[in-house]
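Q: What shape does this take:
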Amino acid sequence: MAKKAAGTPATVLLTAQKVAHTIHTYDVPADTPDYGARVAEAIGVSPALVFKTLIAEVDGALTTAVVPVAGDLDLKALAQAAGGKRAVLADRADAERSSGYVRGGISPLGQRRRLPTVIDDSAAGLDRMFVSAGRRGLQVELVPDDLVRLTAATLAHIRT
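A: Here you go, the predicted model:
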C-alpha cells in the first residue's frame with residue numbers, strides 16, 4: 001500500500017510540482033483583530049507580501065480571490081474580473097466544503113475542487129508572496145508567477 005505524502009494538499013502540490021517554496025509557522029489566535037497584519041508581524045515580513053484567500057460567489061459560481069491582508073476584497077471588481085455581474089462572499093460552509101480547508105487556513109493551492117482564481121495584480125510586482133499553506137498557523141512563501149501558474153489564475157485589481 002502506498003504511503004500518503006505528509007503535509008497539507010497545498011504543500012504536497014508544491015512539492016510534487018517541484019516549486020521552490022518555504023514554509024513559515026506562526027501562532028496568532030484566529031479571533032485576533034487585524035489578523036493578517038499580526039500574521040505578517042509574526043513571520044517578520046511586510047503586510048504587503050501576505051495575501052488572504054477568500055471564496056466568493058460570482059453569479060452563483062464559487063471563485064477564489066487572493067488579496068493582500070492590508071486591504072479588502074472589492075466584490076464588484078472581482079465580479080468583473082471573473083466575467084460576472086455580481087459577487088458576494090461565499091457561505092463559510094460552502095467555502096470549506098469546496099476547498100477542503102477550514103476558515104483561516106484556506107489556501108488557493110490544492111483545493112478539493114479547483115475553482116476559478118483571481119489574484120490581485122499587486123502580486124505581479126513582487127519577488128515573493130505569502131499565502132496560507134492550508135492550515136491555520138502555516139504560511140507558504142513562493143514566487144507569484146508560480147502561484148498564478150498552479151492555480152491558472154487571472155491577475156486583476158480586486159483590492160480596495
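
Q: mind listing what the residue most central in space within the chain touches?
A: Most central in the chain under Cα atoms, centre = their mean is residue 53, positioned 3.2 Å from the mean C-alpha point. By Cβ atoms under 8 Å, 6 or more residues apart in numbering, the contact set of residue 53 is 64, 65, 66, 106, 107, 108, 131, 132. The way it works is simple: take the backbone N, C-alpha and C, and place the C-beta from them, glycine included.

Q: A strand includes it, no?
A: Yes: if the criterion is DSSP: H, G, I helix; E, B strand; the rest coil, then residue 53 is within a strand.

Q: Distance of residue 82 relative to residue 133?
A: For residue 82, the distance to residue 133 (Cβ to Cβ, to the nearest Å) stands at 25 Å.

Q: Let me know whether residue 82 touches residue 116 as I believe.
A: Yes: contact criterion Cβ atoms under 8 Å: residue 82 and residue 116 qualify, at 6.0 Å.

Q: shared neighbours of these two, which are they?
A: 58, 63, 154.

Q: hang on, the earlier thing: nearest to residue 87 among the contacts of residue 53?
A: Nearest to residue 87 out of the contacts of residue 53 is residue 65 (Cβ to Cβ; 8.3 Å).
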